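# kindly generate the corresponding structure for this input.
(one chain, ligands or ions: 1)
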Amino acid sequence: METLRLENIDKKFGDNIALNNINFSIDEGKLFTFLGPSGCGKTTILRIIAGFLEPDNGKVYIGNKDITNLPPESREVGMVFQNYALFPHLNVYENIAYGLKVKKLPKKTIDEKVNYYLKLVNLSEYSNRKIYELSGGEQQRVALARSLAIEPKILLLDEPLSNLDAKLRDKMRMEIRELQQKLGITTIFVTHDQGEALTISDKIAVFDKGICVQIGTPREVYNNPTNSFVASFIGETNLFKVNDILPFNIPSNKKGEFISIRPQEIELTREFDGDKNSFRARIESIQFNGISMDYICNIDGTKLKVTMLNTENSGNGLSINDEICLKINPDSIKVID
Ligand SMILES: Nc1ncnc2c1ncn2[C@@H]1O[C@H](COP(=O)(O)OP(=O)(O)OP(=O)(O)O)[C@@H](O)[C@H]1O
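Residues are numbered from 1 along each chain as shown. Model prediction:
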């Protein structure tokens, strides 16, 4: 069942088109990610859903209810901001209780709910702490608990992990996903980090300059990007124009302007095996990435990146300028717009 639906949403700031005809719906209990580069309009859509900003055109529905003109406090939407926006003069307990007090709930109910959500985010011992006495990850959990405590129908998370270091980001990302699934709360998660989007989402909406260019599961957007923007934004790819002179044959059953081949789809071997999909190449550069190795290879002037998992024996002894063989399976050659 769909919980949230946006229909034909447009938003301009002066002459700047921030959002151009945005349409999508989110099924109940799913985690939906907005992915796109800085300035593509992600936060603007969240603000329209939360009611902090009015669209120029279009409608926002929760279930069958048109909420386009409702004030934020009547929308049953909770939002965690990029900088958390916690109240510095209130302690952890009071921060989480804030929205419940605004709703004028009885003191006992507030106490029960605050303690429940404190426990849920593992901060029961911290209820009297001041916000400045908390680490970034702990502040993040308070912000999450504060939004969840009002028991919204939709939870909006605006780049909630951007202030955290890499390790904590991974941990918090897992925690958010587990919590979201446990509570079954319909959630929008905004990020410009493609890796984050691929790991956490049920579905991803990819945005480019105010336009929603693709919606799909992580696997769909990765394996079948609709265009060159999605192909190069999500994961790495070797991108060519169809008109480029290329050593390999382009599948003739699909039309498009670009060719995309993922670096891990290309097989690198030492010996040329004479297969029609194999090409003699030279290694131009090698990069060690820990879990994998990248090889920039040159087939008669066509450069391709090849990625191989860094196992005990892979790539042993390969050096720059080595003559090697690249095998490109025709199925891995995607023709896109
Ligand atoms: N209040 C405003 N007044 C004028 N222009 C705005 C306003 N808010 C956003 N914009 C512009 O609208 C566009 C979309 O901004 P938005 O904040 O939605 O992008 P974003 O994808 O969330 O970016 P980021 O990842 O950097 O947060 C940008 O060009 C931005 O400069």
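
# switch to C-alpha atoms for all contacts and neighbour counts from now on
OK.

# please report phi then psi for the residue of the stretch 151-300 of the chain found nearest the ligand.
Taking CA to the nearest ligand atom, the ligand has its nearest neighbour within the stretch 151-300 of the chain at H192, 6.1 Å off. Phi and psi for H192, reported as degrees, to the nearest 10, are phi -110, psi 10.

# wait, it sits on S38?
Yes - H192 is within contact range of S38, at 6.9 Å (criterion: CA atoms under 8 Å).

# between the two, point out the one with more neighbours.
Using other CA atoms under 10 Å, the more surrounded residue of H192 and S38 is H192, with 21 against 12.

# what's near enough to touch that one?
Neighbouring residues of H192 by CA atoms under 8 Å, 6 or more residues apart in numbering: L35, G36, P37, S38, E159.

# what's the domain layout of this protein?
2-230, 236-336 (the TED database).

# now the last one: mean pLDDT?
Across domain 236-336, pLDDT averages out at 90.

# what about it, how long is it end to end?
Using CA to CA, to the nearest Å, the end-to-end distance of domain 236-336 comes out at 15 Å.

# which residues outside stretch 276-293 are in contact with it?
247-248, 272, 294-300, 307-310, 319-330.

# just the buried residues from these, in ChimeraX please.
Entered in ChimeraX, the line below selects the buried ones among those, by 16 or more other CA atoms under 10 Å:
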select :248,272,294,295,296,297,298,299,307,308,310,323,324,325,326,327,328
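
# which of the helices or strands spans P37?
If you go by DSSP states H and E, P37 is not part of any helix or strand.

# what's it in contact with, if anything?
By CA under 8 Å, 6+ apart, P37 lies in contact with H192, F207, D208.

# distance of it from D208?
7 Å.

# and what of N310?
According to CA to CA, N310 stands 33 Å off from D208.

# then G14?
Taking CA to CA, one finds G14 at 19 Å from D208.

# of the two, who's got more company?
Using other CA under 10 Å as the criterion, G14 and D208 rank with D208 on top: 20 against 7.

# what helix or strand is the residue lying closest to the more buried one once chain neighbours are set aside on?
Ranked by CA to CA, 6 or more residues apart in numbering and with sequence neighbours excluded, the top spatial neighbour of D208 is C40, at 5.4 Å. For C40, there is no host helix or strand (DSSP H and E).

# ok, C40 - contacts?
Applying CA under 8 Å, 6+ apart, we find C40 in contact with A18, F207, D208, K209, G210, I211.

# could you pick out which of these are near the ligand?
Restricting the contacts of C40 to those near the ligand by CA under 6 Å from any ligand atom leaves A18.

# okay, and which of the contacts of C40 map to strands?
A18, F207, D208, I211 (DSSP state E).

# could you verify my assumption that the second one touches F229?
No - the pair formed by F207 and F229 falls short of the contact definition of CA under 8 Å, at 9.5 Å.

# settle it for me: which of the two has more neighbours?
Taking neighbours as other CA under 10 Å, F207 and F229 compare with F207 leading, 24 against 16.

# show me where the protein has its helices.
With helices called from DSSP state H, the chain shows them at 42-50, 92-102, 107-120, 136-149, 166-183, 194-200, 218-223, 228-233.

# redo those as TSV? Include distance to the ligand and mean pLDDT.
TSV is the format used below for the helices of the chain (distance: least, CA to the nearest ligand atom, whole Å; pLDDT from 0 to 100):
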stretch	distance to the ligand	mean pLDDT
helix 42-50	4	96
helix 92-102	24	93
helix 107-120	28	93
helix 136-149	17	90
helix 166-183	17	89
helix 194-200	12	94
helix 218-223	19	95
helix 228-233	14	93
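
# make TSV out of those helices and add distance to F288.
Output for the helices of the chain, formatted as TSV (distance: least, CA to CA, whole Å):
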stretch	distance to F288
helix 42-50	34
helix 92-102	44
helix 107-120	40
helix 136-149	30
helix 166-183	19
helix 194-200	19
helix 218-223	23
helix 228-233	21
